[in-house]
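*Asks:* coordinates for the following, if possible.
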Amino acid sequence: MIRTYEDSDVRYTYRDALVESLRSTGELKVGQLHLLMSKSLGFCWGVDRALAMVKDACREYPNRPKWLLSSLIHNPTVNEDMLKLGIGFLHGPYAVQGAYEDLSEKDVVIVPAFSARVEDMEILRARNVTLVDTTCPWVIKPHKRAQRYIKEGFTTVIHGMVGHDETLSTCSLVENSGGQYLVVHDKMETQSLAAFLRGDLSGKMLMKWLHRDAALPGFDPDVHLKKVGIINQTTMLATESREIGDIIRLALLQRDGEEGLQDSFRDFDTICRATQDNQDAATEAVKENPDFFLVVGGYDSSNTKNLARVGDDRNIPSYHIEGVECLQGVITHRDRVTGEILQTADWLPSARPLKIAFSAGASTPDTILGAVVRHIAELVGESLPVFEEPTPKA
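*Replies:* Numbers count the residues shown, from 1 in each chain. Below you'll find the predicted structure:
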């Protein structure tokens, strides 16, 4: 029997004593080095729970083929560890060709924390595989809200990333429930939507401004945007999601008036609590004016990308890196605006003392963040204290 994980304060996987101590204290001063650590960072409860469920499944079904529907979480190290456990992939860059078509009752299939498309779930059930569903409960919130919108005749506007696993599952749910959706990625796309709602932009021009897969084929803005309900991909930047909600609300207020707004607009914050907590904690850390802000996590991780934007309004140099391998003579990092992977020289200031703020995405193992912190200390020429290793969980 696979356990149920309910204690959000317990970490079950990839624990690191240094990170646990820094998460608790928020800072550490060693010689000429001042480390500022967000008190909320790294694995969220949903990710930790998903990984613990995978470990349980390996014990429960030791001699059966095990598959991940797609990446369990957006972290390359974790996905490589899944391969080392003998778990194959059915979709994505690690997929085994033909495996999806050959599934049968002998196979165990793990549904990622992002959830899955309705079409995939129907196929898996039809083939009688054993399902291990690690879908994060926070991901279910926008699903439930979208279904409510559909029942009330609203089109679901999703602040999210077209093609992201979570948004794909939400769009699939809306489509299979008989609804309509429109995905907006940022404030610029939302301003185009607002211009249409005010009557300043044609529906045809609106759809040209948005991603080609932002809506279902046959989506007609003039028909389907009379009543709008907003949800968020759970890992988006919370402050931006709130602004997007305000932009759409104001446009509909101008179109429909205060009375009409009651019938044409719904807004519901579905940002994950851990995403919000990590962003708030990072904001507090950068208020200390560090020399630079280092965010650790997969380049394809939505919540990590948005976490790296926290220092933007304070003009603090910020770098989004995947791990310690990015810290060589140059720093390899993802540009927060263009998404390009860049290499920057002279990234480590020579002035001392040096103050550095750290955070990590909700899909980043503490062990990877710990390795980064230790390596930074080595580069600065300081030795960090040794902390007692946490007791492994059963």
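*Asks:* going by C-alpha atoms from here, please, whenever you check contacts or count neighbours.
*Replies:* Fine.
*Asks:* find the nearest non-adjacent residue to His159, please.
*Replies:* Counting by CA to CA, 6 or more residues apart in numbering, Asn232 is the residue found nearest to His159 once chain neighbours are left out, at 4.6 Å.
*Asks:* so what's the one you found up against?
*Replies:* The neighbourhood of Asn232, defined by CA atoms under 8 Å, 6 or more residues apart in numbering, consists of 142, 158-160, 241, 269-271.
*Asks:* and the two most separated of those?
*Replies:* Within those, Pro142 and Ser241 form the most distant pair, 13.5 Å apart (CA to CA).
*Asks:* could you check how far Val30 is from Asp81?
*Replies:* Between Val30 and Asp81 the distance, using CA to CA, to the nearest Å, works out to 33 Å.
*Asks:* actually Asp291, not the one I wrote
*Replies:* As it turns out, when the distance is counted by CA to CA, Asp291 lies 34 Å from Asp81.
*Asks:* looking at those two, which has the bigger crowd around it?
*Replies:* In this view Asp291 and Asp81 are compared by other CA atoms under 10 Å, and Asp291 has more residues nearby, 17 against 11.
*Asks:* check contacts around that one.
*Replies:* Shown here is Asp291, whose contacts under the criterion CA under 8 Å, 6+ apart are 316-317, 349, 354-357.
*Asks:* got TSV for those, with distance to Lys287 and secondary structure too?
*Replies:* Written out in TSV, the entries for the contacts of Asp291 read as follows (distance: CA to CA, whole Å; DSSP: H, G, I helix; E, B strand; the rest coil):
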residue	distance to Lys287	secondary structure
Ile316	10	coil
Pro317	13	coil
Pro349	19	coil
Leu354	15	strand
Lys355	12	strand
Ile356	12	strand
Ala357	10	strand
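*Asks:* so the closest residue to Gly199 other than its chain neighbours is in which element?
*Replies:* Sequence neighbours aside, Arg255 is the residue nearest to Gly199 in space, at 7.8 Å (criterion: CA to CA, 6+ apart). Taking DSSP states H and E as the definition, one finds Arg255 inside helix 238-264.
*Asks:* check which element follows that helix along the chain.
*Replies:* strand 265-267.
*Asks:* which helices and strands does that following strand pack with?
*Replies:* On a contact count with 3 or more CA pairs under 8 Å, 6 or more residues apart in numbering; DSSP states H and E, strand 265-267 meets strand 228-232, helix 238-264.
*Asks:* what's the most buried one of these?
*Replies:* Neighbour counts (mean count of other CA atoms under 10 Å) averaged over each of the helices and strands packed on strand 265-267 peak at strand 228-232, with a mean of 27.
*Asks:* and it, C-alpha only, in PDB?
*Replies:* What follows is the C-alpha trace of strand 228-232 in PDB, where atoms were taken according to Å, rounded to 0.1, in the frame of the first residue of the first chain:
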ATOM      1  CA  VAL A 228     -14.300  35.500 -18.600                       C
ATOM      2  CA  GLY A 229     -13.000  33.500 -15.600                       C
ATOM      3  CA  ILE A 230      -9.300  33.700 -14.700                       C
ATOM      4  CA  ILE A 231      -7.100  31.000 -13.300                       C
ATOM      5  CA  ASN A 232      -3.300  30.800 -13.000                       C
END
